[in-house]
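In: what follows is a protein structure lacking sequence information:
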């Protein structure tokens, strides 16, 4: 069974990458799959932090306020 090697590296000058692993044999054919790392996205704000920053635009601040509002609405339906 083939083993999978998971590694990370930086793009070098000239848009090159270099991968080195002792389990690779010289002359061996390998398949390489590349995708950008999400590490660079850690400095971006999360969706939750954006929503939390919009407190002035939200009707309710807590789950309890939502429950209280819904209960008031239900009570109004019964009257």
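Out: Received it, and whenever you're ready, just let me know what you need. Keep in mind that this is a model prediction, so the values were computed, not measured. Numbers count the residues shown, from 1 in each chain.

In: just the helices in this structure please.
Out: Shown for the chain, the helices assigned by DSSP state H span residues 47-52, 63-78.

In: for residue 6, find the nearest of the ones you listed.
Out: Across the helices of the chain, residue 6 has its closest neighbour in helix 47-52 (27.4 Å, CB to CB). Backbone N, C-alpha and C define where each C-beta goes, glycine included.

In: ok, back up a step: a markdown table please, covering the helices of the chain and showing mean pLDDT and mean neighbour count.
Out: What follows is those, written out as a markdown table (pLDDT from 0 to 100; neighbours: other CB atoms under 10 Å):
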| stretch | mean pLDDT | mean neighbour count |
| --- | --- | --- |
| helix 47-52 | 78 | 9 |
| helix 63-78 | 91 | 9 |
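
In: could those go into TSV alongside distance to residue 15?
Out: Compiled in TSV, the helices of the chain are given as follows (distance: least, CB to CB, whole Å):
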stretch	distance to residue 15
helix 47-52	32
helix 63-78	50
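
In: nearest to residue 24, of these?
Out: Nearest to residue 24, of all the helices of the chain, is helix 47-52, at 39.6 Å by CB to CB.

In: ok, now which ones touch residue 32?
Out: Contact analysis of residue 32 by CB atoms under 8 Å, 6 or more residues apart in numbering lists residue 19.

In: state the pLDDT value of it.
Out: With respect to pLDDT, residue 32 has a value of 89.
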